[in-house]
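Asker: Generate coordinates for the sequence data below:
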Amino acid sequence: MAKFGELISVVKPVLIDFYSDWNDVENAEDTLRDVAAALGDKAKVIKIDIKKNETLAEALRVKGNPTFMIYKNGEMKWRQTGVQDANTLIGLVQQYV
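Answerer: The predicted structure is shown next:
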């Protein structure tokens, strides 16, 4: 995986889904696919496996699954733990486009 700082230090908003396969919510893939399709090249949508990136998850204090974060220019703009629907995520990211 690319360095986290490089992923979030962009002008476009970056929606990150911290997830884990052991507790993956059904339809989460479809939700993120819908979000990415709706936003097109206006934003980046990234999934990060908590178990494969434990150090990062601990540093960001990710305790729940899923945990969503929106970054822009390297700064966290929004964070929420728990299932979110596609329309909610699209609306939140569009605030930072």
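Asker: mind listing the strands for the protein?
Answerer: Applying DSSP state E to the chain gives strands spanning 14-19, 44-49, 67-72, 75-81.
Asker: can I get the ones you listed in a markdown table with distance to Gly91 and mean pLDDT?
Answerer: C-beta: built from backbone N, CA, C; applies to glycine. Putting these into a markdown table (distance: least, C-beta to C-beta, whole Å; pLDDT from 0 to 100) gives the following:
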| stretch | distance to Gly91 | mean pLDDT |
| --- | --- | --- |
| strand 14-19 | 12 | 95 |
| strand 44-49 | 14 | 94 |
| strand 67-72 | 11 | 97 |
| strand 75-81 | 11 | 97 |
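Asker: Out of these, which is the most enclosed?
Answerer: strand 14-19 (a mean of 23; mean count of other C-beta atoms under 10 Å).
Asker: what packs against that one?
Answerer: Here strand 14-19 touches helix 4-8, helix 28-39, strand 44-49, strand 67-72, helix 86-94, going by 3 or more C-beta pairs under 8 Å, 6 or more residues apart in numbering; DSSP states H and E.
Asker: Dump these to TSV, plus distance to Asp17.
Answerer: As requested, the helices and strands packed on strand 14-19 are exported to TSV (distance: least, C-beta to C-beta, whole Å):
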stretch	distance to Asp17
helix 4-8	13
helix 28-39	6
strand 44-49	5
strand 67-72	6
helix 86-94	9
